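Participant: need coordinates for the following:
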Amino acid sequence: MSPSAKPHVELDKVQEMLVQLGLDYGSEVLSEQLTDSVKANHPPHRFLERLLSVEIERREERRVKTSLKLSGLPPGQTLQDFDWNFQPGIERKRIETLATCAYIREQASVLFQGPPGVGKTHLAVALGVKAVASGFSVGYYRLEDLLHALKQDAEVPPRRLKGKKYNKTALLIIDEVGFQALTRPEAGLLFRLVSYRYQKGSTIITTNKSVKDWPEVLAGDEVMTAALLDRLLHHCHVFNIKGRSYRLRDLEGRTT
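Facilitator: Coordinates of the predicted model:
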């Protein structure tokens, strides 16, 4: 073995040890980081810091990617992409405060009300992305899909549903409430869900109906509606969004 080959063999051994310790990303960049540290004459602790920083950053990237996939959140809707100038009626500072995720720690809810196309879903999804980045579990459902899941578990006692995604996530996002009236059994299942999550987890709901019109959504049952809203609005950040539709704006742009 030539003298120049010896360091490579020793480095291979270190890489194997890093892998055994679960530091796969550190193993991948060991040679590169060692070369850079030697060139820059970094002290040993600085080299180790850089190596571990890569490991932590790559793990966090993997965690966020996996969590976003499991959440069901639609891609490409973040606060950075939101057009605040087109919708000046939205209180940006309030949204940015929610983006800190303090409301999730407090098990508070968020309600976005407004006509179609004004950015309700975009804001809800963007807050979901922020929650994932902050380490919270998130579940996103359109109401139609959520009802399908709830119906499958309709006969299961609530105590046995703790592990279900719609119950266990720190943040549940229910999109598109109000576009169709629910049957009484469907309204009952939604009420059961909201009641279960009350003061256990946070919920974001987007709806095209004002609160006063919710009885017509929940099978005309005013008593159930009052009970559901009592839980939902007890500790809730409410946004009434009024403005032009983003989709109509884009359509106008294509036709002019």
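Participant: what about the closest residue to Asn167 other than its chain neighbours, how many residues close to it?
Facilitator: Nearest residue to Asn167, sequence neighbours excluded (Cβ to Cβ, 6 or more residues apart in numbering): Leu161, at 5.4 Å. In short, each C-beta sits where N, CA and C put it, glycine included. Residues contacting Leu161 under the criterion other Cβ atoms under 10 Å number 16.
Participant: any idea how far Leu161 is from Lys200?
Facilitator: 12 Å (Cβ to Cβ, to the nearest Å).
Participant: from Pro43, how far out is the most centrally placed residue in the chain?
Facilitator: Centroid check for the chain by Cα atoms, centre = their mean gives Gly128 as the closest residue, at 2.5 Å. Distance of Gly128 to Pro43, given as Cβ to Cβ: 42 Å.
Participant: again, but for Met17
Facilitator: Met17 is 21 Å from Pro43, by Cβ to Cβ.
Participant: with Pro215 instead?
Facilitator: Note on Pro215: its distance to Pro43, by Cβ to Cβ, is 69 Å.
Participant: between the two, which is the more surrounded one?
Facilitator: The residue with more neighbours, out of Pro215 and Pro43, is Pro215; 19 against 9, by other Cβ under 10 Å.
Participant: report the secondary structure state of the more buried one.
Facilitator: helix (DSSP: H, G, I helix; E, B strand; the rest coil).
Participant: ok, now Tyr141?
Facilitator: Taking three-state DSSP, the label given to Tyr141 is strand.
Participant: just the pLDDT for it.
Facilitator: Tyr141 is assigned 98 on the pLDDT scale.
Participant: quick check, it in contact with Lys164.
Facilitator: No: Tyr141 is not in contact with Lys164 according to Cβ atoms under 8 Å; the separation is 11.4 Å.
Participant: okay, now the unreliable bits of this protein?
Facilitator: Applying pLDDT under 70 to the chain flags residues 1-9, 247-256.
Participant: the spatially closest residue to Lys162 that is not a sequence neighbour: neighbour count?
Facilitator: Nearest residue to Lys162, sequence neighbours excluded (Cβ to Cβ, 6+ apart): Lys168, at 6.3 Å. Lys168: 15 surrounding residues under other Cβ under 10 Å.
Participant: for Leu34, same thing?
Facilitator: So Leu34, with other Cβ under 10 Å, has 17 neighbours.
Participant: name the nearest residue to Val54, sequence neighbours excluded.
Facilitator: Val29 (5.1 Å).
Participant: quick one: contacts of the host helix or strand of Leu146?
Facilitator: Assigned by DSSP states H and E, Leu146 belongs to helix 143-152. Applying Cβ atoms under 8 Å, 6 or more residues apart in numbering, the set of residues contacting helix 143-152 from outside is 141, 164-166, 174-177, 179-180, 182, 185-186, 189-190, 192-193.
Participant: could you pull out the strands for the stretch 101-250 of the chain?
Facilitator: 109-113, 138-142, 171-177, 202-207, 236-240 (DSSP state E, counting those that start in this stretch).
Participant: Gly220: which of these is closest?
Facilitator: strand 171-177 (15.7 Å; Cβ to Cβ).
Participant: what angle separates the closest one from strand 202-207?
Facilitator: 10 degrees (axes from the mean of the first three to the mean of the last three Cα atoms, to 10 degrees).
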